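1. okay, sequence plus prediction incoming.
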Amino acid sequence: MAATSNGKANGATRWIGTRPVRPDGVDKVTGRARFGADVHLPNMLVGKVLRSPHAHARIRSIDASAALALPGVKTVTTRDDFNDLSSEFVPAGEMLVNYRDVVRNVMAREKALFEGHPVAAVAAVSEKVAREALALIDVDYEVLPHVLDVVDAMAPDAPLLHEDMITAGVEPTPTKPSNIAKVVEFKLGDVAEGFAEADIVIEREFSTQPVHQGYIEPHSCIANYSEDGQAELWCTTQGHFVVRGHCAKLLGMDVSKLRVTASEIGGGFGGKTVVYLEPVALMLSRKSGQPVKMTMSREEVFRASGPAAGTRVWVKIGMTNDGRITAGEAVLKYQAGAFQGSPVQPGCMCAFAPYDLNHVKVVGYDVLVNRPKVAAYRAPGAPQSEFAVESVVDELAKRIGMDPVELRLKNAAKQGTKAAYGPTFGPVGLVETLEEAKAHEHYRAPLKEGQGRGVASGFWFNIGGETCATLNLGEDGTIALVAGTPDIGGSRASLCLQAAETLGVDVERIRPLIGDTSTLGYTFLTGGSRTAFASGMAVVEAGKDMIRQLCERAAKVWDIPVDAVEWADGEARPAGSNAGEFDPLSLADLARLAGKTGGPFVGRAQINAQGAGPSFGTHIVDVDVDRETGRVTIERYTVIQDAGTAVHPSYVEGQLQGGAVQGIGWALNEEYIYDDKGRLQNPGFLDYRIPVCSDVPMIDTVIVEVPNPTHPYGVRGVGETPIVPPMAAIANAVEDALGMRFMDLPMSPPRVLKALEDARIAEAA
Amino acid sequence: MARVVFTGNFRHLVGEDTEADIPASNVRDLLNRLGERYPALAPHLDEGIAVAIDGEIHQDALFSPVGPDSEVYLMPKIAGG
């Protein structure tokens, strides 16, 4: 048997790189698609959560008797229903999570650690009754001092969130608790030596605000717990296998007794990699014996689900007068929220990744504050640190009068560069994105009076991981493709294209679906830009498995050795004239004969995908700053990114545009506003200002393709990197327009206006 | 022998060494031998570890081959959003 490769590596692809209509498109535009809140079951109850009104408070007691006595209330759950769990770290989303913390985040135990922290939940016959019941639950709080700011939280006299928190990563081990969960450090070379080589050294301090992922669909689930101890759960999530694992752990169930189905998802961006409502809904269903549906309001999403970390970042970079960067140093302080686990580690590793440096030192602090536990948000940790580094690089370029793209090209990481976080890069496409930027018409277009232009680059690792896929051949030769990674950004189309390419069949003959947790082996979540890469690899392997079976069957039909059969262009053929003269057997022919020749064809793959290809991007942005109002308008924006191979270019472009727009919001408007009691004042899209279509121009895209050699079609991930450069690119453009550098985000109208007024006052003085 | 380079907080766990030459044919061998040589490192090798072998990142991959001249970095495990 010999299967011919149609891979891009040999320059001949039929389906990879094409733009078929998305398989989920009709359902979504007609309203047929079922999202988290669209599942209804007979006898379903409504679950609602009572949340702490305090940012930090000890919970002395909870009395739910009055709520339970209310007609229509079926059950109440509190901390007493959830077993305490010992410290155990497991992978989830951006990094490891500790089950001891997960159970406390889902339902407050000793203390409420942020405003919005769940304290109890009710299941009732209607939402109205459930809300009335919440008001009858009596919680006795001892209100404690709170801390919201990362620097304040690091002070020796700061209120402690966890009295037993001893900082890890410090020698000798501290004897007193603090809010600093961990200190991490990455070093390459000797920064003192590097700074000694420099002609210019610039150091600056930056801050970024926590920002929410802003997914349009709020968290929602429905749980149905049976009397025999088995349960079903439907939810909106980026990883239903991960949800199954977490819920089973928190409820003391075997994973085989919990079947989780991922609904269509209205955005996640990393924020739906953790559990909030799901274990609570299961507990309420277990206690009531009825299905329970829970849906967060937008206000609850803001108050209680994880944002990206707010940060304080100090950066120092040295450079020679001819533009060679000699050393980079940074200190990163990241908010973790109420439990440890900020993405400071990847923040450290990514900070200087775009550069070929001999001397680097980055120290990171994971710091607890009385805010919701942070969650992953596209390239978690990288946008904050790279905002700081890319701002200083821009300032260095201006200092010596060098074009900022040229400066980046002169120092760019490339194949063979030892990454600032250690390993040596294989083939990567940063130089290619910079060359594209330099040559792009946008970069040379004239600016109007008062406008400014900025550029910045960005990096993300991308990942692989445990992944399963199945291809089921129907009796008419069409194929059902089953994947275990929820489709957030177009992965169903991408997987169908990779299956079609591998099998040599028309992509329209493949119908994709996301299987529930009982239909496939464990599959890690959709995140880390891994799905087109890892599920793609699994689909290719499943395709090869099916081809092997098809060739074996054709060999039987022709009564020749299987080695004398080849698979090409969607059909089995004799491998050469010596194999005999037989008419080819197409997929449909073999499917039709399946029953009589040995049974159905099912291609399977279960892999742990390794060798994800890192991704680099470079952004160009033009801004106009209204000197009267302080409003920054994005006039033009171009994203250039290495995709490895763009399997479905429209979806790649969509990822690049989406990341850029979210970055624009991060740069210009988004922030959480708390009062002096630690209560969020803007938990809604009216006051928490994400960009809408009228705020942004058409985002132009340029896809660079430097194939990832470990993937059969050269795929890298694309979803994370595009949110990394926007903040610095926009800050650099604003500086170009105003001659004024903003180091604190967001560059919102009040902040810009104040800076302009301060400058006028200073000038007048 | 593979050249193992310690970065990040792993450096705190291996004394004065910044690198080590380790004879190993795959990641499992490598981690076992590292655990034997550096007892303080051993408890950290079971969870949250990625290894970059000649620049390619491998996570939870005990049987990924390690070449005799490979450059190996121990790294924190990477995920994403």
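-> Thanks, I have the structure now.

2. direction included, what does whichever strand in chain A runs longest pair against?
-> Across chain A, the longest stretch assigned as strand under DSSP state E is strand A:325-337. Here strand A:325-337 is paired, per DSSP bridges, with strand A:311-319 (antiparallel), strand A:360-368 (parallel).

3. tell me the most buried of those strands?
-> Mean neighbour count (mean count of other CB atoms under 10 Å in any protein chain shown) peaks for strand A:360-368 among the strands paired with strand A:325-337, with a mean of 27. Quick note: C-beta positions are derived from backbone N, CA and C, even for glycine.

4. about what we covered before: Throw the strands paired with strand A:325-337 into a markdown table and include distance to residue B:17, thanks.
-> Shown next, in a markdown table, are the strands paired with strand A:325-337 (distance: least, CB to CB, whole Å):
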| stretch | distance to residue B:17 |
| --- | --- |
| strand A:311-319 | 28 |
| strand A:360-368 | 19 |
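
5. need the residues of chain B near chain A, please.
-> Residues of chain B lying near chain A by CB under 8 Å from any CB of the partner chain: B:5, B:7-9, B:11-12, B:47-48, B:52, B:54-61, B:64, B:71, B:73, B:75-81.

6. name the helices or strands packed onto the strand or helix carrying residue A:186?
-> In this structure, residue A:186 sits in strand A:180-188 according to DSSP states H and E. Judged by 3 or more CB pairs under 8 Å, 6 or more residues apart in numbering or on different chains; DSSP states H and E, the packing partners of strand A:180-188 are helix A:344-351, strand A:360-368.

7. let me have these in a markdown table, extended by mean pLDDT.
-> Shown next, in a markdown table, are the helices and strands packed on strand A:180-188 (pLDDT from 0 to 100):
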| stretch | mean pLDDT |
| --- | --- |
| helix A:344-351 | 96 |
| strand A:360-368 | 97 |
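
8. want to throw these into TSV with distance to residue A:481?
-> Output for those, formatted as TSV (distance: least, CB to CB, whole Å):
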stretch	distance to residue A:481
helix A:344-351	32
strand A:360-368	40
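
9. of all these, which one is nearest residue A:554?
-> helix A:344-351 (48.4 Å; CB to CB).

10. and the closest one, what does it pack onto?
-> Using 3+ CB pairs under 8 Å, 6+ apart as the contact criterion, the neighbours of helix A:344-351 among helices and strands are strand A:180-188, strand A:325-337, strand A:360-368, helix A:382-400, strand B:71-76.

11. and these: which comes nearest residue A:210?
-> The nearest among those, by CB to CB, is strand A:325-337 at 6.4 Å.

12. give me the angle between that closest one and helix A:382-400.
-> When axes from the mean of the first three to the mean of the last three CA atoms, to 10 degrees is applied, the directions of strand A:325-337 and helix A:382-400 differ by 150 degrees.

13. figure out how far strand A:325-337 is from the centre of its chain.
-> Centroid separation for strand A:325-337 versus its chain: 21 Å, with CA atoms, centre = their mean, to the nearest Å.

14. stretch A:338-352 now?
-> 14 Å.

15. measure it end to end?
-> Across stretch A:338-352, the terminal residues are separated by 28 Å (CA to CA, to the nearest Å).

16. re earlier: looking at the residues of chain B next to chain A, which are in strands?
-> B:5, B:52, B:56, B:57, B:58, B:59, B:71, B:73, B:75, B:76.

17. ok, those residues vs residue A:483, which is closest?
-> residue B:59 (19.9 Å).

18. quick one: secondary structure of the closest residue to chain B within the stretch 151-300 of chain A?
-> Residue nearest to chain B within the stretch 151-300 of chain A: residue A:270 (2.4 Å; CB to the nearest CB). The local conformation at residue A:270, judged by DSSP: H, G, I helix; E, B strand; the rest coil, is coil.

19. surely it is in contact with residue B:81?
-> Yes - between residue A:270 and residue B:81 a contact is recorded at 2.4 Å, counting by CB atoms under 8 Å.

20. and stretch A:182-200, which residues are buried?
-> Buried residues in stretch A:182-200, counted by 16 or more other CB atoms under 10 Å in any protein chain shown: A:182, A:183, A:184, A:185, A:186, A:187, A:188, A:189, A:191, A:194, A:195, A:198.

21. tell me the mean pLDDT for that stretch?
-> The pLDDT scores in stretch A:182-200 average 96.

22. what of stretch A:592-600?
-> pLDDT averaged over stretch A:592-600 gives 96.

23. now do that stretch: everything it contacts.
-> Stretch A:592-600 is contacted from outside by A:472, A:473, A:475, A:476, A:477, A:553, A:556, A:557, A:585, A:590, A:601, using CB atoms under 8 Å, 6 or more residues apart in numbering or on different chains.

24. mind checking which helix or strand the fourth one is in?
-> The one in question is residue A:476. Here residue A:476, judged by DSSP H and E, is contained in no helix and no strand.

25. mind listing what it touches?
-> Here residue A:476 is in contact with A:588, A:591, A:592 (criterion: CB under 8 Å, 6+ apart).

26. now, which of those residues sits nearest chain B?
-> Distance to chain B across the contacts of residue A:476 (CB to the nearest CB) is lowest for residue A:591, with 35.6 Å.

27. hmm, residue A:475 and the closest one touching each other?
-> Yes - judged on CB under 8 Å, residue A:591 makes contact with residue A:475 at a distance of 5.6 Å.

28. quick one, which of the two is more surrounded?
-> More crowded of residue A:591 and residue A:475, by other CB atoms under 10 Å in any protein chain shown: residue A:591, with 21 against 12.

29. contact partners for the more buried one?
-> With CB under 8 Å, 6+ apart, residue A:591 has these contacts: A:473, A:474, A:475, A:476, A:477, A:601.
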